[in-house]
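Student: Fold the following.
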Amino acid sequence: MPWQQIYDPFGNMFISTALAAIPVVVMLAALGFFHIKAHIAAGMGLVAALLVAVFAYGMPADLAGRAALFGAFTGLLPIGWIVLNIIFLHQLTEQNGSFAVLQDSLSGITEDRRIQLLLIAFCFGAFFEGAAGFGTPVAVTAAILIGLGFSPLAASGLSLIANTAPVAFGALGTPVITLAKVHGYDLMEVTAMIGRQLPFFSLMVPFWLIWAFAGRKAMMEIWPAILVTGVSFAVPQFLVSNFIGPELVDIIAAIVSMLSLVAFLRVWQPKRIWTSPSMRGNDPSAAEAKPPQPVRQHSRAALVRAWMPWLILSVFVFVWGLPAVKTWLNGLFAPSFPMPGLHNMIDKMPPVVTTPHKEAAVYVLNLLSATGSGILLAAVLSAVLMKYSPVAIVGTFFRTLWMVRYSLLTIVLMLALGTLTRFSGTDTTLGLAFANTGVLYPFFGTLMGWIGVALTGSDTASNVLFGGMQKVAAEQLGLSPNLMGAANSSGGVMGKMIDAQSIVVASTATRWFNHEGDILRYVFFHSIALAALVGLYVTLQAYVWPFTLTVVH
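Tutor: Got it, this is the predicted structure:
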C-alpha cells in the first residue's frame, strides 16, 4: 500500500513546521555559523532529514532511504556533470594561456571592474541561464571572473546575485512551462504575468550588483552604463514574455543587453576607472585577488583563438537546450529506471493537490541530452582546436575530476536532502505555513517560492512543489491564480543565490574550496531583501494595481 504524506503530524502547525525546518536549519547553521565543510554540513542535514521524516512524519525508513538515493543520482546528473565539465573547459583554456588573452580582450573593452561585472555576471550569465540554466551560468561567470582577477568572494557572491532576474525563464523557459503543464495554468497568461513582475527587478539588479560590489558612490559614478544594461534587458524581457512566449525571453534580452552596453561604451566611459578586484568593506578573500595587470595587445588571430572555446561553448549549450535536439538525443539513448520500492509508493495529499496523487520516481539516464554532455563536447572540440594531444585531454579531465571531488559529493548530498524533503512532505509543511497568512498571502506566497528554490535549488522544482498550492490558496482567498503562480516563480528566483547547490557550484568554479559558509553569509541578506521586495510588489499588484493583472496578447 502506498504511504500517504501527512503535513501536520502533531495536529499543531507550529510544532510540525518547526520540525520540518530542522534539516534546513542544521545544514545552514553548520555552513554559515560553525564553518563546517560543505560536504559534512550537507551530510548532517541529510541525517537530520532522515530522522525527521522517519520519526516525526512516520515515513517508512526504506522509503526515506530510497528517496535520498534517488536524489543522489539526480545530483550527479545533471548538476554535477555540468560543474565538472565547465571546470574542465576552464582548466584547458588556462593551461594553454588562451584565458589570459581573453582577460586582456575583456579589459580592452573596459578596465573598470564594475562594468566587467555588468558584461560578464549579468549579461553573459543571463545568456547561459536562458540557454541551459541548472547551475551553468554561475559556473561559467564565476570561472571567468576569478580568471580576471576578482577576489573569490566577489567572483562567487556577485555571480550568484546577478543570476536572479533571468532564472524564471531559464533553460528555454523550463520553469514556467513546467508550472503550466503540471498544474494547469494557461502558459501564455502565467508567462505574461511573470513578465509584468520581473522586468522591474531586471532593472534593479544591475544597480544592486554594483552597489554590493563597490558601494553607493561608486555605483552612481557609472549609473548611465547600469541604466543601459538594465533597461535593454528589462524591455525585451517584458515584450517577449507578453507577446511571444517563454522560450527565448532570456536569450533575446541578454543579447540585446550585451550589445547595447558594448555600443554605449564606445561613446561613454566612466571618469574614474575602478580597478579594485575585491569587495568593498570586509572581504575575507581579498588577499587572493589578483592586482590589475597592464592590458596587452594581441593579434586578431590570438583573440579569435582565445574566444573560440567560449563561443563553441555558447553554441553547444544553446543547441543542447533546444527541445527538438533534446528529443532527438533522448530517442538515441535515454533509458529510464523506476526506483524500486519508491516509484508510485507515496501519495501526495490535499490541500496540496485536489485528489491524492502518486509521486513518480523515475530516473532518466539522459546522458546524451544532458547540458553537461554538450559542455564536455565543447571542451573536447576546443581542446583539439587548441592542439592538445588525446593523452593531455584525458589527463586534464581526470585532474579536474580529482580537484572537484568534494564539490561533487556535496552536490550529491544536497540533492539527496532536497529530494527526501519533497517525498516526505516536510517541505510542503513549510509551504502550508506560508499559505495560512490570509490577507498577507501575496507577500508570504511569494516567499513560499523563495523557500522552494532555496530548498530544492531549482525554480522548476519549486514550481512543481508549490504551484498547485498557490493556485488553490489564491482561489480560496479571491486572488488571481495566475498572479500567485507567477509570484511563486518570480519570488523563487531570489532564492537561487542561497540554495546550497548554487553556492557549491560557485565555490568550485572559483576554487575557493571549504568557504561555502562565507559565500552563504554574504549573499543571504541580498537574497531575503530582494525576495521581500518581490513580495511587496506582488502585494501591490493584488490590492493596489489590479490593472497589471489584465493580460492582453
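Student: What are the buried residues along the longest helix belonging to the chain?
Tutor: Longest helix of the chain, by residue count under DSSP state H: helix 516-543. By neighbour count with 16 or more other Cβ atoms under 10 Å, helix 516-543 contains the buried residues 516-523, 526-528, 530-535, 537-539, 541-542. For glycine as for every other residue, the C-beta is placed from the backbone atoms N, C-alpha and C.
Student: What backbone torsions are found at residue 348?
Tutor: phi -80, psi 140 (degrees, to the nearest 10).
Student: tell me what the longest helix of the chain is packed against?
Tutor: Here helix 516-543 touches helix 13-32, helix 38-51, helix 152-162, helix 198-214, helix 441-456, helix 481-492, helix 500-509, going by 3 or more Cβ pairs under 8 Å, 6 or more residues apart in numbering; DSSP states H and E.
Student: Now it: average pLDDT?
Tutor: For helix 516-543, mean pLDDT is 95.
Student: Please compute how far that helix lies from its chain's middle.
Tutor: Helix 516-543 sits 15 Å away from the centroid of its parent chain (Cα atoms, centre = their mean, to the nearest Å).
Student: Now do it against helix 198-214, angle only.
Tutor: Angle of helix 516-543 versus helix 198-214, following axes from the mean of the first three to the mean of the last three Cα atoms, to 10 degrees, is 150 degrees.
Student: quick one, phi/psi of the spatially most central residue of the chain?
Tutor: Nearest to the mean C-alpha position of the chain, by Cα atoms, centre = their mean, lies residue 496 at 4.6 Å. With angles defined as degrees, to the nearest 10, residue 496 sits at phi -60, psi -30.
Student: Ok, the one 3 residues further on next?
Tutor: Dihedral angles phi and psi of residue 499 (degrees, to the nearest 10) take the values phi -70, psi 140.
Student: Please name the residues that touch the residue nearest to it when sequence neighbours are not counted.
Tutor: Leaving aside its sequence neighbours, residue 499 sits nearest to residue 457 (Cβ to Cβ, 6 or more residues apart in numbering; 4.0 Å). Residues near residue 457 by Cβ atoms under 8 Å, 6 or more residues apart in numbering: 79, 414-415, 418, 496, 499-502.
Student: Distance check, residue 457 against residue 344.
Tutor: 25 Å (Cβ to Cβ, to the nearest Å).
Student: just residue 428 next, same as before
Tutor: 18 Å.
Student: Which of the contacts of residue 457 sits closest to residue 198?
Tutor: residue 496 (12.7 Å; Cβ to Cβ).
Student: On the pLDDT front, check residue 547 for me.
Tutor: Residue 547 is given a pLDDT of 69.
Student: now residue 179
Tutor: 87.
Student: Pull the contacting residues for the residue lying closest to it once chain neighbours are set aside.
Tutor: Closest residue to residue 179 apart from its sequence neighbours, by Cβ to Cβ, 6+ apart: residue 463 at 3.9 Å. Residue 463 makes contact with 175-176, 178-179, 182-183, 449, 452, 485, 488-489, 492, according to Cβ under 8 Å, 6+ apart.
Student: Of those, just say which sits nearest to residue 16.
Tutor: Using Cβ to Cβ, the contacts of residue 463 come closest to residue 16 at residue 452, 17.7 Å.
Student: and the closest one, what does it touch?
Tutor: Contacts of residue 452 (Cβ under 8 Å, 6+ apart): 427, 431, 461-463, 465-466, 488, 492, 495.
Student: Switch those residues over to CSV; also include secondary structure, distance to residue 156 and pLDDT.
Tutor: Converted to CSV, these look like this (DSSP: H, G, I helix; E, B strand; the rest coil; distance: Cβ to Cβ, whole Å; pLDDT from 0 to 100):
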residue, secondary structure, distance to residue 156, pLDDT
427, helix, 26, 80
431, helix, 29, 76
461, helix, 22, 79
462, helix, 22, 85
463, helix, 26, 84
465, helix, 27, 74
466, helix, 28, 82
488, helix, 27, 94
492, helix, 21, 94
495, helix, 17, 93
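Student: Just give me the closest of those to residue 196.
Tutor: Nearest member of these to residue 196, counting by Cβ to Cβ, is residue 488, at 14.7 Å.
Student: where's the residue nearest to that closest one when sequence neighbours are not counted relative to residue 158, distance?
Tutor: Spatial nearest neighbour of residue 488, chain neighbours left out: residue 449 (3.7 Å); criterion: Cβ to Cβ, 6+ apart. Noted for residue 449: a distance of 23 Å to residue 158, by Cβ to Cβ.
Student: between those two, which one's more packed in?
Tutor: Taking other Cβ atoms under 10 Å, residue 449 and residue 158 do not tie; residue 449 has more neighbours (35 against 30).
Student: Does the more buried one touch residue 490 like I think?
Tutor: Yes: if you go by Cβ atoms under 8 Å, residue 449 and residue 490 touch, sitting 7.0 Å apart.
Student: and residue 184, how many neighbours?
Tutor: 12.
Student: where along this protein do the strands fall?
Tutor: Using DSSP state E, the strands found in the chain span residues 3-4, 336-338, 346-348, 357-358, 362-364.
Student: Please identify the most buried of these.
Tutor: strand 346-348 (a mean of 20; mean count of other Cβ atoms under 10 Å).
Student: Off-centre distance for that strand?
Tutor: Using Cα atoms, centre = their mean, the offset of strand 346-348 from its chain centre is 28 Å.
Student: helices or strands next to that strand in the packing?
Tutor: Counting by 3+ Cβ pairs under 8 Å, 6+ apart, strand 346-348 packs on strand 3-4, strand 357-358.
Student: Let me have the ones you listed in a markdown table, adding distance to residue 435 and mean pLDDT as columns.
Tutor: Shown next, in a markdown table, are those (distance: least, Cβ to Cβ, whole Å; pLDDT from 0 to 100):
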| stretch | distance to residue 435 | mean pLDDT |
| --- | --- | --- |
| strand 3-4 | 19 | 96 |
| strand 357-358 | 18 | 90 |
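Student: Make a markdown table out of these and add distance to residue 312.
Tutor: Output for these, formatted as a markdown table (distance: least, Cβ to Cβ, whole Å):
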| stretch | distance to residue 312 |
| --- | --- |
| strand 3-4 | 48 |
| strand 357-358 | 43 |
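Student: wait, which of those strands is closest to residue 237?
Tutor: Nearest of those (Cβ to Cβ): strand 357-358, 33.3 Å.
Student: neighbouring strands for that closest one, and are they parallel or not?
Tutor: strand 346-348 (antiparallel) (DSSP bridges).
Student: ok, for residue 436, nearest residue in space, not its chain neighbours?
Tutor: residue 13 (6.9 Å).
Student: before we move on, what about residue 382?
Tutor: In space, residue 382 is closest to residue 309, 3.7 Å off (Cβ to Cβ, 6+ apart).
Student: next one: residue 41
Tutor: Leaving out its chain neighbours, the residue that sits closest to residue 41 by Cβ to Cβ, 6+ apart is residue 30, at 3.7 Å.
Student: Residue 36 is in contact with that neighbour, correct?
Tutor: Yes: if you go by Cβ under 8 Å, residue 30 and residue 36 touch, sitting 4.2 Å apart.
Student: Below-threshold pLDDT in the stretch 151-300 of the chain: ranges please.
Tutor: Scanning the stretch 151-300 of the chain with the threshold set as pLDDT under 70 gives 292-293, 295.
Student: again, only using 80
Tutor: Judged by pLDDT under 80, the stretch 151-300 of the chain has its weakly predicted residues at 182-184, 290-296.
Student: Could you do the stretch 301-450 of the chain as well?
Tutor: In the stretch 301-450 of the chain (pLDDT under 80), the answer is 351-354, 414, 418, 430-431, 434-435.
Student: need the helices for it, in chain order.
Tutor: Assigned by DSSP state H, counting those that start in this stretch, the helices in the stretch 301-450 of the chain fall at 323-332, 371-385, 390-403, 405-424, 426-435, 441-456.
Student: and those, which is most packed in?
Tutor: Greatest burial across those, using mean count of other Cβ under 10 Å, falls to helix 441-456, with a mean of 27.
Student: and the angle from that helix to helix 516-543?
Tutor: Using the same axes, to 10 degrees: helix 441-456 against helix 516-543 is 150 degrees.
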